[in-house]
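# quick one: sequence plus predicted model below, questions after.
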Amino acid sequence: MKKSLSALCVLGCFVQPAFAANINVGALTQAQFLAFSQDMGAALSYKAAEPAAPLGVTGFDVGVAATSTQLQNSALLQKAGGPNTGSLVIPKLQIEKGLPFNIDVGAFYSAIPTTNISLYGGELRYAILEGGVTQPAVSVRGALSKLSGVTGWSLDTKSLDVSVSKGFAFLTPYAGLGSVWTSSTATGFNDASFRQNKVFLGANANFGLANFALEYDKTGTIPSYTAKFGFRW
């Protein structure tokens, strides 16, 4: 078990290649900076890929995830020095811990391949309903994420959402909606601050300790797909 967790940590934390492109938003115009920030706000915002039910005081969820976001303005990423791609893939190491009173906390870290972008964030979630045999679980979550590693550019997101889930044997479908607030600042540009509504749905499959989740997220008009594998108990 310890060896497996160590392997997950290595995979999640050392995904950055030796030769990463340096993002330089200074190559963009003001209008392009806003459009680029909207893409990146949707891509870099918190995505937990988990059902609404609380973990409980002894519960943990540890895993590696990958989110693929279909950029609406992919040419701007390349203009800013990033890869020539229509989808930005973000690998993550994630952990959630159950606390008393139906409260869960979580955190993640990422280093995005082919760029100098690092990313981290966290969540605080409260289950209004725990869920059970006949009752769904309902939770409210506040989360944040913050970009680092890029000289002259700062971006952070804050989000609030409500989700519902209902377990059936080993499978737990879930869905939710909320909003994401993004603040993007860079040297030489007016600040870009905006709100994007989001909807998401997914399913979590648990096989004893092994756990697998798939999630679709649409923030603003920008879709993302997340797969997460790890251990949940």
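Ah, there it is. Numbers count the residues shown, from 1 in each chain.
# hang on, Ala43 in a helix?
Yes - counting by DSSP: H, G, I helix; E, B strand; the rest coil, Ala43 is part of a helix.
# can you report how many residues neighbour it?
By other C-beta atoms under 10 Å, 26 other residues sit near Ala43. Every C-beta, even on glycine, is put in place using the N, C-alpha and C of the backbone.
# surely it and Ser224 touch.
Yes - here Ala43 reaches Ser224: they are 6.7 Å apart, a contact under C-beta atoms under 8 Å.
# and for these two, which residues touch both?
67, 69 (C-beta atoms under 8 Å, 6 or more residues apart in numbering).
# name the element the closest residue in space to Arg232 that isn't next to it in sequence belongs to?
Excluding the flanking residues, the one nearest Arg232 by C-beta to C-beta, 6 or more residues apart in numbering is Asn211, at 3.7 Å. Element membership for Asn211 (DSSP states H and E) is strand 210-219.
# got the buried residues for that strand?
211-213, 215, 217-219 (16 or more other C-beta atoms under 10 Å).
# now, among the residues you listed, which is nearest to Asn24?
Thr219 (24.6 Å; C-beta to C-beta).
# hey, what's that closest one bridged with?
Lys198, Ile222 (DSSP bridges).
# measure it to Gly82 for me?
With the distance defined as C-beta to C-beta, to the nearest Å, Thr219 ends up 19 Å from Gly82.
# this structure: strands as residue ranges?
Under the criterion DSSP state E, strands of the chain are mapped to 60-70, 87-99, 103-111, 118-129, 137-148, 153-165, 171-186, 192-207, 210-219, 222-232.
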